[in-house]
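Student: this is the structure alone, sequence omitted:
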């Protein structure tokens, strides 16, 4: 497969690892995580516009559109098409947000920015934003051309706890590092099935195979970052559980339930708690394994 699609070598390196450690009690790795997937409505103003596993979310506000994550380069084109399929104009995108700098979440941002409004603003954390601005170069673990992509320079650097607002919507950034040095989880209220719920878009808690923890680390402070992030994740309200990979939260099964008439299919606080319990257990097991 072409470099543009990053090939199975790049995809497997990240996505297979995701399921090995981060997706407790989730389905097996999708055979093609950036395969097209029909866009759909999750809640009032909140839509899924990503691929079969590489996720992206559209928020429709009174003042324009917000998009969280761009998937890989292939997914970026799909996201633009999915937004149009839903009846919205990508040229109305005013804000681009990112969960983290890995190619499967950031390589499509350049395509989204080209399709967006001229005054679109890209928000990212300082540490991950620097890597996105370098097109994937500088990641402490994923090295080489297959993990690189078209760079996008952040217009706004977000700090932990910073709020991003547009057209009556407010999203809060939570720097939950570990998987990457500036991994960002986003929370925001959304109305689902007639009730205001607290949504959480999980960055990633995956310990990729090859990460070093404890005495020797993939990047300085990574172990402490994971420890702090698990405290944060467990403290955040999480009623509508979504994430950077659809398999983290059983996206396809919930979409099937939604199609069957369950309007609140994506309301899953218990699933969120179980996910974090499993992810933390996996992290601690790997930490113990590396530091007997």
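Tutor: Arrived safely. Model, not experiment: these values are computed from the prediction.

Student: neighbours of the residue lying closest to residue 136 once chain neighbours are set aside, how many?
Tutor: Spatial nearest neighbour of residue 136, excluding adjacent residues (Cβ to Cβ, 6 or more residues apart in numbering): residue 148 at 4.2 Å. C-beta coordinates here come from the backbone N, C-alpha and C atoms, glycine included. Neighbourhood size, residue 148 [other Cβ atoms under 10 Å]: 19.

Student: quick one: contacts for residue 148?
Tutor: 103, 135, 136, 137 (Cβ atoms under 8 Å, 6 or more residues apart in numbering).

Student: same check, this time on residue 291
Tutor: Contacts for residue 291 were tallied using Cβ under 8 Å, 6+ apart; they are 213, 214, 215.

Student: pull out the buried members of these.
Tutor: residue 213 (16 or more other Cβ atoms under 10 Å).

Student: format the contacts of residue 291 as a markdown table; extra columns: distance to residue 255 and secondary structure.
Tutor: Listed next are the contacts of residue 291 as a markdown table, based on distance: Cβ to Cβ, whole Å; DSSP: H, G, I helix; E, B strand; the rest coil:
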| residue | distance to residue 255 | secondary structure |
| --- | --- | --- |
| 213 | 35 | coil |
| 214 | 39 | coil |
| 215 | 43 | coil |
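
Student: turn the contacts of residue 291 into TSV, including distance to residue 67.
Tutor: Shown next, in TSV, are the contacts of residue 291 (distance: Cβ to Cβ, whole Å):
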residue	distance to residue 67
213	33
214	37
215	40
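
Student: and which of the contacts of residue 291 is nearest residue 111?
Tutor: Closest approach between these and residue 111, by Cβ to Cβ: residue 213, at 34.6 Å.

Student: distance of that closest one from residue 175?
Tutor: To residue 175, residue 213 is 19 Å away according to Cβ to Cβ, to the nearest Å.

Student: in three-state terms, label the residue nearest to residue 233 when sequence neighbours are not counted for me.
Tutor: Computed as Cβ to Cβ, 6+ apart, the closest residue to residue 233 that is not its neighbour in sequence is residue 276, at 5.2 Å. Per DSSP: H, G, I helix; E, B strand; the rest coil, the local secondary structure of residue 276 is helix.

Student: with residue 273 instead?
Tutor: Following three-state DSSP, we place residue 273 in the helix state.

Student: find the nearest non-adjacent residue to it, please.
Tutor: Nearest residue to residue 273, sequence neighbours excluded (Cβ to Cβ, 6+ apart): residue 238, at 7.6 Å.

Student: test my guess that that neighbour contacts residue 198.
Tutor: Yes. With contact defined as Cβ atoms under 8 Å, residue 238 counts as touching residue 198 (6.8 Å).

Student: neighbour-wise, which of those two wins?
Tutor: Neighbour totals were compared for residue 238 and residue 198, and residue 238 leads with 26 against 15 (other Cβ under 10 Å).

Student: shared neighbours, residue 238 and residue 198?
Tutor: Common neighbours of residue 238 and residue 198, counting by Cβ under 8 Å, 6+ apart, are residue 187.

Student: OK, contacts around residue 134?
Tutor: Neighbours of residue 134 in contact, by Cβ under 8 Å, 6+ apart: residue 151.

Student: list the buried residues in stretch 105-122.
Tutor: Neighbour counts over stretch 105-122 (16+ other Cβ under 10 Å) mark 105-113, 115-117, 120-122 as buried.

Student: ok so, going back, and the residue nearest to residue 233, how many neighbours?
Tutor: Neighbourhood size, residue 276 [other Cβ under 10 Å]: 20.

Student: please apply the same query to residue 31.
Tutor: Counted with other Cβ under 10 Å, residues neighbouring residue 31 total 9.
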